[in-house]
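**Student:** Can you look at this prediction? I've put the sequence above it.
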Amino acid sequence: MAKELIRLSDCVVKFDDEIILDRLNLYINDREFLTLLGPSGCGKTTTLRIIGGFLTPTSGDVFFDGQRINDVPPHKRLVNTVFQKYALFPHLNVFENVAFGLRIAKVSNDEVKQRVLEMLEIVNLKGFEKRPISALSGGQQQRVAIARALVNRPKVLLLDEPLGALDMRLRKDMQNELKRIQQELGITFIYVTHDQEEALAMSDTVVVMDGGRIQQIGTPEDIYNEPKNAFVADFIGESNILDGVMRADGVVELFNRRFQCLDGGFAPDEPVDVVIRPEDVDIVSEDQGQLKGVVTQVTFKGVHYDTIVDFSGFKWLIQTTDYCPVGSRIGIKIDPDGIHVMKKSAYSGMFGDYSSYSEEYDEIGDATMEPGGEDSGDEE
Amino acid sequence: MRRKRNGAGRLLMALVFLFLYAPIFLLIIFSFNAGNSSAVWQGFSLGWYAQLFQDRLVMESVYTTLLVSILATVISTVAGVFAAVGLFGLKRRWRSPLMTVSNLPTVNADIVTGVSLCLLFAAVFQGWGSFARWFNSVQSAVELPARLTLGFTTLLLAHIAFDIPYVILNVSPRLRQMDKNLIDAAQDLGCTWFQALRKVILPEIKPGVVSGALIAFTMSVDDFVISYFTAGSATSTLSMTIYGMTKRRVSPEINAVSTLLFAVVLGLLILSNVLEARQEKLAEQNAALQRPAEYRPVKIRSAAPKVTKKPWFRRTVAAVAVCALIGSVVAMAFAVGFQPVVNVCSWGEYIDTDLITQFEEETGIRVNYQTAESNETLYSLLKSGGGDYDVIVPSDYMISQLIEEDMLAPLDYSLIPNFSKIDPKFRNLPYDPDNRYTVPYAWGTLGIIYNTTMVDEPIDSWSAMFDEANAGQVLLINNSRDALGIALMYLGYSVNTTDENEIREAYQLLADAAERGVYQGKVMDEVFQTMEGGNAAIATYYAGDYLTMRENNEDLAFVVPKEGSNWFVDAMCMLKDARHPEEAHAWINFMASTDSCLANLDYIWYGTANQEAIEQYPAYYEELYDEELDQETFDIIQTPPEVLERCEMYLVLPKETRNLYKELWISLGV
């Protein structure tokens, strides 16, 4: 199955003197659902535009099915795109929007009709043919955009933050829908998002990007459980990232205390970053704990409590179903498989400290990640 | 309190609207006036509209205006859309300065645009001229025209140039509003860039394109200043013609033209507003359509083919329209390019326009008939190289000056057999002693026109022009030669004197009278309206024009004062660099024929030099109007010998005397 379809090799994109993409290497397999994940300005939309043909890399090559396609214009590529804000044609109705690509390709009228109706059925828009675009809700427009791209039977579908403008509920529905369509039609999807949950839920492969570089490529499980550096660990889910020293294979020292872990292959006494996921920490009574601390803040989140615990000045986030009141002294226990050790990187020390934690961290986090939901840095 | 303020507010509002619209309403009302006064209501009539549609000059300029406006609109819309799309695609760093540069012409003063375009064309023509001469000298296969002049093409180019910024200004906001991704989306779906432009960008920016085109069209129709500088002398737009008309007689025809122009602009405005409103309504309807759609699927089958049929139909209509436009332009170009033509410049209201039609029908030569305001304006126009005429009709003293400056071409009298009908006393006149350059067109005398109800006793002397008794009731003729001539004649000097003291004395006479408030103003053709309306008692003007005025006001009388007066001859001559000498001779011969002279005499009431015509006129008049021509009128037309004896013809004055005239005339404040 895993036949390689697209390869980007050493792609560099520069605007003036600003480097947007820095020697990017990536291959995408046929029928894969691959997600480019990263914050605003990380180069994910730029990568997508290179594949779509809207942008020629400053240097480097793009291959499609083994053919170099750097100079092939967008309209000659077997690739279709679902744009960020759908980019539906306001002067055409639903039917004509979907039929647009077929009409350009001079497909016969009967076939156009058949294929468009078929596609509208797949995206659950049967009966909407004659509606003008302005009379559709956001979710419906989204479906039209997908139908418009898919009706051309592309080899690859590029999706640029397609769900960004939808509300939470609709987003969840559409995620399932997209996954279903991808499996039903057996088309390669390349999906750009800044929403890590979305990426984990839908993808076969996730590519985490930052600063024009790929930080990590892997399955959602890999990315989540085995982040390669502090950036990935922090960007995917919540993480407590601590400075540690690898004393031996399977033994890492934190706060002058040795913990057992499953990682190995480091030099003796090598300084490392240690990732501990908030849900991997068990709260026990103070005397049983490997570490002892004071609860400084508790927030009820529905499924669990977000509990901030102060361990001699370093604050951790712990997600637990047990309620511990503020001010109570507790102990914690971490299983060896709850500890993940990473090599030090440029991102060390930048993430994973909850000292400045506030209840609105979700919102703040989103706001800094994606102002206005737009990849403005990638545009020019 | 509140109500009171409302009342005042409403009054103020009413006054504002009155101030804004009263002139236009007045104009519209008087365009339906039966009489030819612009001041007195004489009953409802559509006569002026009827006359308007028969007025060659106006109709020709309407045609020119429409053709220029439509072509300029189409071309500038296409160019402007491409420019706007191009600018839109640029990076912001380049876009903003370029946008500013492209918008600058819209705020630039028209006069600057006009003059600079005129200069540019002149420079290009000069460059082309030297290239063509060189090219013609090195080879003989192709003969390039060496002399290019301002005309329809330059006018069109100028209009395109000043229209484009308006199109860009209207299209750009639409482009900025458009989702940039639409272009990517279209290309993504298989469109080439050009297809994307046609199928996605154009429909998106259509409202901007339409409003841009409408504004460009309105600007083109409306423009006067830029056209004035770039149309040359042989082409005239409607606004230029209207301007020309106001400089002469203010005929109610102007009201009719202006009313129609106003209606057209209003119509365009309403059209663009209605289009906009309809679009908004459509958008609202679409928004309201957001209801369950279960009942719709049934219709799909019939809907799909309809969708495909409509563009086909539209495309055919568009294609037919484009073909028609191109066809008419090509036809026009052929008609203009290959039909023989003669460019004539004469005075306003100085021809029976039926004669032009008759000439064109007989000879197949198209007559491009333009008018100038006075001998002096004609002279400066010729000197500046702006007058691309073949035949001109200057007055005697100006002819001498033109001959002196070698600006006229000798005529070939074998091509003008009708010259034999010219009364010998009108041949070999001082301005053309050997009669090599001219054929007389019309002649007449200068005299006093006065309103018998406004003066105590009949006038017979120039003294009336300086008499305090008539203070504020006298109109001084607005041309230095005639005005100073009157004073010279009153003082008993020759009108052709070169004695500075005599001329200064004459000036002093005028200046003193002006000081004492004798003169109401300096007028040329405004005299018609003022005298007909009884708004002044005394004026100096030409005999033929008096007869025209008398038709509208029975109280007017004419006299050639006892001190003597000026008699003048306007004669047809051909310019040295005339491009259509053959046609020019044909025109001169035609206008000198007895039939033409009779028709013209009846129309303009000026004397004719054609001996047969003047002899036949009484009979002609009787046959035409079924009444006898009274002797008084006939005497004014033909001026009896005893009166003519008192009159002197203007001769060309030496340069220093001309300068003295000019200087004195400028310092005379009236």
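**Tutor:** Received the coordinates, thanks. Numbering: from 1, shown residues only, chains lettered A, B, ... in the order given.
**Student:** what sits against the residue most central in space within chain B?
**Tutor:** The C-alpha lying nearest the average C-alpha coordinate of chain B belongs to B:Thr241 (C-alpha atoms, centre = their mean; 2.0 Å). Neighbour list for B:Thr241: B:57-58, B:61, B:257 [criterion: C-beta atoms under 8 Å, 6 or more residues apart in numbering or on different chains]. The way it works is simple: take the backbone N, C-alpha and C, and place the C-beta from them, glycine included.
**Student:** Check those and tell me the two furthest apart.
**Tutor:** Greatest spacing in the contacts of B:Thr241, by C-beta to C-beta: B:Leu57 and B:Val257 (10.6 Å).
**Student:** The two: who's more crowded?
**Tutor:** Counted by other C-beta atoms under 10 Å in any protein chain shown, B:Leu57 and B:Val257 do not tie: B:Val257 has more neighbours, with 24 against 18.
**Student:** Quick check: B:Ala511 vs chain A, distance?
**Tutor:** Computed as C-beta to the nearest C-beta, to the nearest Å, the B:Ala511 to chain A distance reads 73 Å.
**Student:** Which strand or helix spans that residue?
**Tutor:** Assigned by DSSP states H and E, B:Ala511 falls within helix B:500-515.
**Student:** May I see the buried residues of that helix?
**Tutor:** Neighbour counts using 16 or more other C-beta atoms under 10 Å in any protein chain shown place B:502-503, B:506-507, B:509-511, B:513-514 of helix B:500-515 among the buried residues.
**Student:** Stretch B:400-417 too?
**Tutor:** B:400-403, B:407-409, B:411, B:416.
**Student:** Now intersect the residues you listed with the strands, please.
**Tutor:** The strands, defined by DSSP state E, take in B:408-409 from these.
**Student:** biggest separation within the buried residues of stretch B:400-417, which pair?
**Tutor:** Longest distance between any two of the buried residues of stretch B:400-417 is 23.0 Å, between B:Gln401 and B:Ile416; criterion C-beta to C-beta.
**Student:** longest strand anywhere in chain B?
**Tutor:** Assignment by DSSP E gives strand B:439-451 as the longest strand of chain B.
**Student:** Who are the packing partners of it?
**Tutor:** Applying 3 or more C-beta pairs under 8 Å, 6 or more residues apart in numbering or on different chains; DSSP states H and E, we find strand B:439-451 packed against helix B:480-490, helix B:526-532, strand B:538-542, helix B:543-550, strand B:556-559, strand B:567-575, helix B:581-592, helix B:594-604.
**Student:** can you tell me which of these comes nearest to chain A?
**Tutor:** helix B:581-592 (54.7 Å; C-beta to the nearest C-beta).
**Student:** Which strands and helices lie in contact with the closest one?
**Tutor:** Other elements packing on helix B:581-592 under the criterion 3+ C-beta pairs under 8 Å, 6+ apart are strand B:341-347, helix B:354-363, strand B:391-392, strand B:439-451, strand B:567-575, helix B:594-604.
**Student:** Recalculate using a threshold of 7 Å.
**Tutor:** strand B:341-347, helix B:354-363, strand B:391-392, strand B:439-451, strand B:567-575 (3 or more C-beta pairs under 7 Å, 6 or more residues apart in numbering or on different chains; DSSP states H and E).
**Student:** can I get the helices and strands packed on strand B:439-451 in TSV with mean neighbour count and distance to A:Glu18?
**Tutor:** As requested, the helices and strands packed on strand B:439-451 are exported to TSV (neighbours: other C-beta atoms under 10 Å in any protein chain shown; distance: least, C-beta to C-beta, whole Å):
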stretch	mean neighbour count	distance to A:Glu18
helix B:480-490	23	73
helix B:526-532	22	71
strand B:538-542	24	80
helix B:543-550	21	79
strand B:556-559	19	86
strand B:567-575	24	68
helix B:581-592	22	70
helix B:594-604	20	79
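**Student:** got TSV for those, with mean pLDDT too?
**Tutor:** Formatted as TSV, the helices and strands packed on strand B:439-451 follow (pLDDT from 0 to 100):
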stretch	mean pLDDT
helix B:480-490	91
helix B:526-532	84
strand B:538-542	92
helix B:543-550	87
strand B:556-559	92
strand B:567-575	93
helix B:581-592	93
helix B:594-604	90
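**Student:** got a markdown table for these, with distance to B:Ala213 too?
**Tutor:** Formatted as a markdown table, these follow (distance: least, C-beta to C-beta, whole Å):
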| stretch | distance to B:Ala213 |
| --- | --- |
| helix B:480-490 | 48 |
| helix B:526-532 | 39 |
| strand B:538-542 | 48 |
| helix B:543-550 | 44 |
| strand B:556-559 | 51 |
| strand B:567-575 | 40 |
| helix B:581-592 | 39 |
| helix B:594-604 | 42 |
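**Student:** Okay, domains of chain A per the record?
**Tutor:** Residue ranges for the domains of chain A, per automatic domain parsing: A:4-225, A:241-350.
**Student:** any idea which of these is most buried?
**Tutor:** domain A:4-225 (a mean of 20; mean count of other C-beta atoms under 10 Å in any protein chain shown).
**Student:** show me where pLDDT drops low in the stretch 351-500 of chain B?
**Tutor:** Residues of the stretch 351-500 of chain B meeting the criterion pLDDT under 70: B:384-386.
**Student:** Just the buried residues of stretch B:340-354, please?
**Tutor:** B:341-352.
**Student:** Any figure for the gap between the residue lying closest to A:Leu185 once chain neighbours are set aside and chain B?
**Tutor:** Among residues not flanking A:Leu185 along the chain, A:Leu150 sits closest, at 6.7 Å (C-beta to C-beta, 6 or more residues apart in numbering or on different chains). Using C-beta to the nearest C-beta, A:Leu150 is found at 11 Å from chain B.
**Student:** tell me the contacts of A:Leu150?
**Tutor:** By C-beta atoms under 7 Å, 6 or more residues apart in numbering or on different chains, the contact list for A:Leu150 reads A:119, A:157, A:185.
**Student:** pLDDT wise, what is the last one at?
**Tutor:** Just to be clear, that refers to A:Leu185. Predicted confidence (pLDDT) for A:Leu185: 84.
**Student:** For it, what are phi and psi?
**Tutor:** Dihedral angles of A:Leu185 (phi, psi; degrees, to the nearest 10) stand at phi -90, psi -10.
**Student:** and what of the second one?
**Tutor:** Dihedral angles phi and psi of A:Leu157 (degrees, to the nearest 10) take the values phi -110, psi 130.
**Student:** what do you get for the first one?
**Tutor:** The phi and psi values for A:Met119, taken as degrees, to the nearest 10, are phi -70, psi -40.
**Student:** pretty sure it contacts A:Ala147?
**Tutor:** Yes - if you go by C-beta atoms under 7 Å, A:Met119 and A:Ala147 touch, sitting 4.4 Å apart.
**Student:** So for these two, which residues contact both of them?
**Tutor:** Each of A:Val98 lies in contact with both A:Met119 and A:Ala147 under the rule C-beta under 7 Å, 6+ apart.
**Student:** does the residue of the stretch 151-300 of chain A found nearest chain B count as helix, strand or coil?
**Tutor:** Scanning the stretch 151-300 of chain A for the residue nearest chain B gives A:Asn152, at 6.7 Å (criterion: C-beta to the nearest C-beta). Each residue gets one of three states, and A:Asn152 gets coil by DSSP: H, G, I helix; E, B strand; the rest coil.
**Student:** show me the contacts for it.
**Tutor:** The neighbourhood of A:Asn152, defined by C-beta under 7 Å, 6+ apart, consists of A:80, A:101-102, B:189.
**Student:** Please apply the same query to A:Leu262.
**Tutor:** Contacts of A:Leu262 (C-beta under 7 Å, 6+ apart): A:250, A:336-337.
**Student:** just checking, A:Lys130 is part of a helix?
**Tutor:** No - counting by three-state DSSP, A:Lys130 is not part of a helix but coil.
**Student:** about what we covered before: closest one of the contacts of A:Leu150 to A:Tyr27?
**Tutor:** Nearest member of those to A:Tyr27, counting by C-beta to C-beta, is A:Leu157, at 17.3 Å.
**Student:** got the buried residues for stretch B:424-434?
**Tutor:** For stretch B:424-434, the neighbour count (16+ other C-beta under 10 Å) marks B:426, B:429, B:431-432 as buried.
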